[in-house]
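Enquirer: Make a model of this:
(chains A and B)
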Amino acid sequence: MITKRIIACLDVHDGRVVKGVQFVDLIDAGDPATQAARHAREGADEIVLLDITATHEGRQTLLDTVRRTARELFVPFCVGGGIRTAGDAAQVFDAGADKVSVNSAALADPALIDAIGRSFGAQAVVVAIDARRNPEAADPVRDAQVFVQGGRKLTSRRAVEWAREAESRGAGEILLTSMNADGTRAGFDCELTAAVSESVNIPVIASGGAGTVEHFVDVFGRGKADAALAASIFHFGISSARALKEELFKAGVSVRLPC
Amino acid sequence: MRVTVIDYKAGNLTSVLKALRHLGAETVVTDGNLSLVEAAERIVLPGVGHFAATERLDSTGLTSAIRATIARGIPFLGICVGMQWLYAGSSEAPAQPGLAHFAEKCARFSESKEKVPHVGWNSLEIRPDSRLLAGVEPGEYVYFTHSYKAPVTADTAATTYYIEPFAAAVERGNVMGVQFHPEKSGAAGLKILGSFLMWKG
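Expert: Numbering: from 1, shown residues only, chains lettered A, B, ... in the order given. Prediction:
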């Protein structure tokens, strides 16, 4: 049976894993290669590395980091952050990523999705969507507003229609972050996740709000998520993918248990 | 041992090369040098993307070279679209023939309430006499990402269920294929690649 994926997410700044609240008060949380290997060993189904360095010099550091992290990593490896062109994506693939995640650049130029998909296949293109419920709209969930630049800038796009367009352009997966839930540790936004997941035929990765095992059970059930991103829950040994999956298994969720 | 990896410009070879090198193999990549195929000790045909991309194998002469090399008993492993190419063709690109080493054709997953593509970790039901999958635990999970699949036949080495049963691995003599990505399937995947590297006729 196909299993629900638990994806470990590493936020990386200047070649180091960092942890902070909304990208401020960053705390050093270790070496990306070491952290990625540990998560994979502990049963994470996939690793996402999100680069939050915005500088030009940071791009070379990122490629080095990707190369180092990919070297001993034999589970799917997705890299996001600052990928603006198909050329940027090609460099990241060449450094060892299996997938790239695009967000702001895809909203600015949706043809970027087509371009990367054509060269590297749809399975290699993850479209990340940061969305906030829109209390003004008739349907606050389906019409959740899409933001770019790390949630700082509102766009005219709506979560469900943008996810569908991304799919039609050849995205292989959607990484959906609820800005309402992010950082709260109060649970995923299951309504938003379900609305997007039921509108597309590609996998939806839920992100934002994870705090407990029950939150994952909920987003895989009610939220219809195909995968869930776990970031802060894994840092500093708070919980491991193994511990999380054992609990999910007991709760009846189909997961790949590490041996 | 040396492995010739075929590049037909369908996606990224980095992960496959990395896994083979991790296992101690020396890798040679070719996108059309037929002598490298003819002299190969082992051949890996990776592939992500569209079945139509295998047209490049025909136009470069690689198809004929691979066919001849396989006939000499050289071990061959196709991965994902590389496995599908071993069949007669695929409904993904009906005008493009495959190698037809296996007589059947690949087809898209049937319409259902489940999503297509099939993406993620799914389990293997392994035929006990499979040499490629020797030592892999029954029910072991491996990583898939595909919308088309090969049917279950007498040559099927492992079956996986998603919407319907399909061939996760195929094996007849020196010709092997896996629908999943062994290079992305953790320790189990490396074990399978290792068995391919050790395969002897």
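Enquirer: Please make it C-alpha for all contacts and neighbour counts, starting now.
Expert: Noted.
Enquirer: Which positions in the helix ranked longest in chain B come out as buried?
Expert: What stands out as the longest helix in chain B, according to DSSP state H, is helix B:186-198. For helix B:186-198, the neighbour count (16 or more other CA atoms under 10 Å in any protein chain shown) marks B:Gly186, B:Ala187, B:Ala188, B:Gly189, B:Leu190, B:Lys191, B:Ile192, B:Leu193, B:Gly194, B:Ser195, B:Phe196, B:Leu197 as buried.
Enquirer: would you turn these into TSV with pLDDT and distance to A:Phe147?
Expert: Below are the buried residues of helix B:186-198 laid out as TSV (pLDDT from 0 to 100; distance: CA to CA, whole Å):
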residue	pLDDT	distance to A:Phe147
B:Gly186	96	35
B:Ala187	96	39
B:Ala188	97	40
B:Gly189	98	38
B:Leu190	98	40
B:Lys191	98	43
B:Ile192	98	43
B:Leu193	98	43
B:Gly194	98	46
B:Ser195	98	48
B:Phe196	98	47
B:Leu197	98	48
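Enquirer: Against chain A, which of the residues you listed make the cut? List them.
Expert: B:Gly186, B:Ala187 (CA under 8 Å from any CA of the partner chain).
Enquirer: Quick check: nearest residue in space to residue 187, chain neighbours excluded?
Expert: All of this refers to chain A. Of all residues not flanking A:Gly187 in the chain, A:Gly209 sits nearest, at 4.5 Å (CA to CA, 6 or more residues apart in numbering or on different chains).
Enquirer: Can you look at chain B instead?
Expert: A:Phe74 is the one closest to B:Ala187 (CA to CA, 6+ apart), at 7.7 Å.
Enquirer: just B:Gly32 next, same as before
Expert: That would be B:Thr60: by CA to CA, 6+ apart, it lies 5.6 Å from B:Gly32.
Enquirer: on that earlier part again, among the buried residues of helix B:186-198, which one lies nearest to chain A?
Expert: B:Gly186 (4.9 Å; CA to the nearest CA).
Enquirer: Could you look up the SS state of the closest residue to B:Thr63 other than its chain neighbours?
Expert: Of all residues not flanking B:Thr63 in the chain, B:Leu57 sits nearest, at 5.3 Å (CA to CA, 6+ apart). Three-state call for B:Leu57 (DSSP: H, G, I helix; E, B strand; the rest coil): helix.
Enquirer: Quick check: the residue of the stretch 151-259 of chain A nearest chain B.
Expert: For the stretch 151-259 of chain A, CA to the nearest CA, closest residue to chain B: A:Asn201, 4.9 Å.
Enquirer: Now for B:Tyr143, which secondary structure element holds it?
Expert: strand B:141-146 (DSSP states H and E).
Enquirer: Who are the packing partners of that strand?
Expert: Judged by 3 or more CA pairs under 8 Å, 6 or more residues apart in numbering or on different chains; DSSP states H and E, the packing partners of strand B:141-146 are strand B:118-123, helix B:186-198.
Enquirer: Can I get the ones you listed in JSON lines including distance to B:Lys105?
Expert: Below are these laid out as JSON lines (distance: least, CA to CA, whole Å):
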{"stretch": "strand B:118-123", "distance to B:Lys105": "18"}
{"stretch": "helix B:186-198", "distance to B:Lys105": "24"}
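Enquirer: Which one of the ones you listed lies nearest to A:Ser168?
Expert: strand B:118-123 (16.9 Å; CA to CA).
Enquirer: Could you look up the SS state of the residue of chain B most remote from its centre?
Expert: Here chain B reaches farthest from its C-alpha mean at B:Lys113, the gap being 27.5 Å by CA atoms, centre = their mean. Following three-state DSSP, B:Lys113 is assigned to coil.
Enquirer: and it, how far is that from A:Asn201?
Expert: Distance, B:Lys113 to A:Asn201, by CA to CA, to the nearest Å: 9 Å.
Enquirer: likewise B:Ser90?
Expert: 21 Å.
Enquirer: A:Ala90 too?
Expert: Where A:Asn201 is concerned, A:Ala90 sits at a distance of 26 Å (CA to CA).
Enquirer: hang on, the earlier thing: quickly find the element holding the residue nearest to A:Gly187.
Expert: Going by DSSP H and E, A:Gly209 is not in any helix or strand.
Enquirer: before we move on, what about A:Asp182?
Expert: Here A:Asp182 is assigned to no helix or strand, by DSSP H and E.
Enquirer: Repeat that for B:Ala158.
Expert: Counting by DSSP H and E, B:Ala158 is part of strand B:156-162.
Enquirer: hang on, A:Ala105 in a strand?
Expert: No - the assignment for A:Ala105 by three-state DSSP gives helix, which leaves it out of any strand.
Enquirer: Would you confirm that it contacts A:Arg84?
Expert: Yes - contact status for A:Ala105 versus A:Arg84: in contact at 5.1 Å, counting by CA atoms under 8 Å.
Enquirer: who touches both of those two?
Expert: A:Leu112 (CA atoms under 8 Å, 6 or more residues apart in numbering or on different chains).
Enquirer: Check A:Ile202 and give its pLDDT.
Expert: A:Ile202 carries a pLDDT value of 97.
Enquirer: Equivalent analysis for A:Pro258, please.
Expert: 68.
Enquirer: Packing partners of the longest strand along chain B?
Expert: In chain B, with assignment by DSSP state E, the single longest strand is strand B:164-172. Applying 3+ CA pairs under 8 Å, 6+ apart, one finds that strand B:164-172 makes contact with strand B:156-162, strand B:175-178.
Enquirer: and those strands, which is most packed in?
Expert: Counting by mean count of other CA atoms under 10 Å in any protein chain shown, strand B:175-178 has the highest mean neighbour count of the helices and strands packed on strand B:164-172, with a mean of 24.
Enquirer: So what are the sheet partners of it and their directions?
Expert: Within its sheet, and counting by DSSP bridges, strand B:175-178 is paired with strand B:76-79 (parallel), strand B:164-172 (antiparallel).
Enquirer: circling back: show me the contacts for the residue of the stretch 151-259 of chain A closest to chain B.
Expert: A:Asn201 touches A:Glu167, B:Lys115, B:Val116, B:Pro117, counting by CA under 8 Å, 6+ apart.
Enquirer: All set now, cheers.
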